[in-house]
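> Sharing a model prediction with you, sequence too.
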Amino acid sequence: MIELTRLNLTQFSINPELIEMVESTPDTVITLTTGRKLIVKETRQEVKNLVLLYKKEIYANLLKID
């Protein structure tokens, strides 16, 4: 899960595997595979970095199992 912030400053977690698209319009809008749209305080690049860190952590854990 990655931690994000709504515009009202409340934090929430989402499964990054559900992210279909991230847009800057100028607010950052995340579209999930379910069709739901979320507007977050983080920039598009910050969301991308969080997803990359998440995936690196998952793959690192998989390699440790072998």
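The structure has been received and is ready for your questions. Note that the coordinates shown come from a computational prediction; the quantities given were computed from them, not determined experimentally.
> what does stretch 28-37 rub up against?
4, 14, 18-23, 38-44, 47 (CB atoms under 8 Å, 6 or more residues apart in numbering). (Each C-beta comes from the backbone N, C-alpha and C, glycine too.)
> Counting neighbours, which bits of that stretch end up buried?
Residues of stretch 28-37 classed as buried by neighbour count (16 or more other CB atoms under 10 Å): Thr28, Ile30.
> for it, the distance to its chain's centre please.
Relative to its chain's centre, stretch 28-37 lies at 10 Å (CA atoms, centre = their mean, to the nearest Å).
> Low-confidence regions, the chain specifically.
65-66 (pLDDT under 70).
> Who are the contact partners of the spatially closest residue to Thr28 that is not a sequence neighbour?
Spatial nearest neighbour of Thr28, excluding adjacent residues (CB to CB, 6 or more residues apart in numbering): Val40 at 5.0 Å. For Val40, the contact set (CB under 8 Å, 6+ apart) comprises Leu4, Thr5, Arg6, Leu7, Asp27, Thr28, Ile30, Val47.
> Helices along the chain, start to end?
All helices of the chain, identified by DSSP state H, fall at 44-65.
> quick revisit: give me the beta-bridge partners of the residue nearest to Thr28?
Beta-bridge partners recorded for Val40 (DSSP bridges): Arg6, Thr28.
> quick one on the thing from earlier: among the contacts of Val40, which two are most distant?
Greatest spatial distance in the contacts of Val40: Leu7 and Val47, 14.2 Å, computed using CB to CB.
> Who has more neighbours out of these two?
A side-by-side neighbour count of Leu7 and Val47, using other CB atoms under 10 Å, places Val47 first with 20 against 10.
> roughly how far is stretch 4-19 from the heart of the chain?
With CA atoms, centre = their mean, you get 7 Å for stretch 4-19.
> What separates the first and last residues of it, distance-wise?
Stretch 4-19 stretches 13 Å from its first residue to its last (CA to CA, to the nearest Å).
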